[in-house]
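> what shape does this take:
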Amino acid sequence: MSSIRLAASASLARNALSAASRHAAHTSRTAFTLTAVRGLAMVKDSTFVAGKPVTTKTQNEQGGTFQWAQELQPAVLKLKSGEVFHGSSFGAQNSTFGEAVFTTSLVGYPESMTDPSYRGQILVFTQPLIGNYGVPGNVKDEFGLSKYFESDRIQVAGIVVNDYATRYSHWTAVESLGQWCQRYNVPAISGVDTRAIVHLLRSQGSTLSKLSVGDDAVSVKAGHNASEEYPDPLARNLVAEVSTKVPYTITNPIADVNIAIIDCGVKVNILRCLVERGANVTVFPWNYDVNKVANQFDGLFISNGPGSPSTCTETVEHLKSAIATFNKPIFGICMGNLLLGMAAGLDVYKLPFGNRGHNQPAINVLNGRCAITSQNHGYALNDTNMPTDWAKFYVNANDGSNEGVRHLHKPIFSVQFHPEAKGGPQDTEYLFEEFLGRVRAQKGLTPDINVSAAEPVAATTAVAAYA
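Sure thing, here's the model as predicted:
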């Protein structure tokens, strides 16, 4: 009976808050305080000026917060094809250009926005409500790696949402999504029809766009204009922009293997997935020739990254040598899959609108098993004619595009999706164990039990034996 009363009280409190908000919207200046039901976070002493809320933050009993947004400025998203979408700005008060792409992810916007693979892109969220749990602080784990972000800053050029949650609540939150965007000078627009935008992007492909804010938004007109400039981020070497400039090492006190990483824009959770499994990792710039230091490492990893793989010709040449002479396990993810495939002799093509989200099905061609994967890429390998000694590893169940390749005789394989997730499902995280299992087996640390990438259960068991 007490739980029913509590639920009813919580409902009444929420209704009272909603009613007070509506009343304040029609009042030139109103201040109010609501008494919270125990355990229910409420806004207190929120002041409205001219019908618009001034930023106010309060902490609930669990440490979470609610946040009112500041007065919003007009914003406009215009695609190069001429379509215009009017909304409101809730991020930085500046305009930007980028390639408009979309993600079907329901959650994980802090991880997505800090993913280096989104560099130079204006990200459209298909999930209608964004921002409701705010943004966490940059808390570090035991290895000194960020717990909640995939790099040290926001990487997207801008974001587009249908409904921005002006109030947020989560025990890890320290600021609103809008405040976070403002700190990193990233524009953001809300109140637009994201369904219509995604429909256009699916029909005409990822499109160059500009996101105009404030005074810049007033002069934007619909229709294609050949004289308007839309800088193409893919014309830049985005990998060079996000890659480390100098090598660095992350260690685990109980590590028994050393892995070299080619950093094309490596996500933090990839580093964590390797280090927490007992590896020391040394991260090298994207164009560093790791063949020079091959004798210092037990395995090679090629990371994810943004932009076109055609800008990474140096990396491809280095990988050609590594495939021939490295003679140790090699593993690649996302951009790493593309570059490894190019080094093997495969061509790359641009997907119409890419695969971005946490619900992409990938089929293991060795056993027919389908895994739900996290993905973020706009290019794919053309695997119609596989080179000698190479085979398909995974294929996308939706569009049939390549999701991985493997060498038939050497411990070399790669996948287009993200087994480290963050966010998304962890169904294929066993691939890190497969990779490190091969590294340890070749080093003689464990018996070679012929663990196959086709058998995740066997791979997990093998790791447990020496964890």
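> where does the closest residue to G82 other than its chain neighbours fall, phi/psi-wise?
Leaving aside its sequence neighbours, G82 sits nearest to H224 (C-beta to C-beta, 6 or more residues apart in numbering; 3.8 Å). C-betas here are computed from N, CA, C, even on glycine. For H224, the backbone dihedrals (degrees, to the nearest 10) come out as phi -70, psi 130.
> ok, A371 next?
Per degrees, to the nearest 10, the backbone of A371 is at phi -120, psi 140.
> how far away is it from K422?
A371 sits 16 Å away from K422, taking C-beta to C-beta, to the nearest Å as the criterion.
> try S112
Following C-beta to C-beta, the distance that separates S112 from K422 is 9 Å.
> what is the burial count for L445?
By other C-beta atoms under 10 Å, the residues close to L445 number 15.
> which residue packs closest to it, ignoring adjacent ones?
D256 (5.9 Å).
> kindly provide the distance from the one you found to L72.
On the measure of C-beta to C-beta, D256 and L72 end up 54 Å apart.
> do the same with N337
Look at N337 and L72: by C-beta to C-beta, they are 41 Å apart.
> do V257 as well
Per C-beta to C-beta, V257 is found 52 Å from L72.
> so N337 and L72 - more neighbours on which side?
N337 (31 against 17).
> you'd agree the more buried one is up against G404?
Yes: counting by C-beta atoms under 8 Å, G404 is a contact partner of N337 at 6.2 Å.
> how many neighbours does V283 have?
Quick note: V283 (other C-beta under 10 Å) scores 21 neighbours.
> avg pLDDT for the helix or strand encompassing it?
Element membership for V283, per DSSP states H and E: strand 279-284. Averaging the model's pLDDT scores along strand 279-284 yields 98.
> one step back: so for S112 and K422, which sits in the more crowded spot?
A direct count of neighbours by other C-beta under 10 Å for S112 and K422 places S112 higher, at 26 against 23.
> part of a helix, is that one?
Yes: residue state for S112 (DSSP: H, G, I helix; E, B strand; the rest coil) corresponds to a helix.
> can you pull up the most central residue in the chain?
S112 (2.9 Å; C-alpha atoms, centre = their mean).
> quick one: low-confidence parts of this protein?
For the chain, residues meeting the criterion pLDDT under 70 lie at 1-71, 446-467.
> show me it divided up by domain.
73-219, 238-466 (automatic domain parsing).
> the nearest residue to A157 once chain neighbours are set aside: what's it in contact with?
Spatially, and ignoring its direct neighbours in sequence, A157 is nearest to G98 (3.5 Å; C-beta to C-beta, 6+ apart). By C-beta atoms under 8 Å, 6 or more residues apart in numbering, the residues touching G98 are G120, Q121, I122, V156, A157, G158, L208, S209, K210, L211, P233.
> helix or strand: which one has R356?
strand 347-364.
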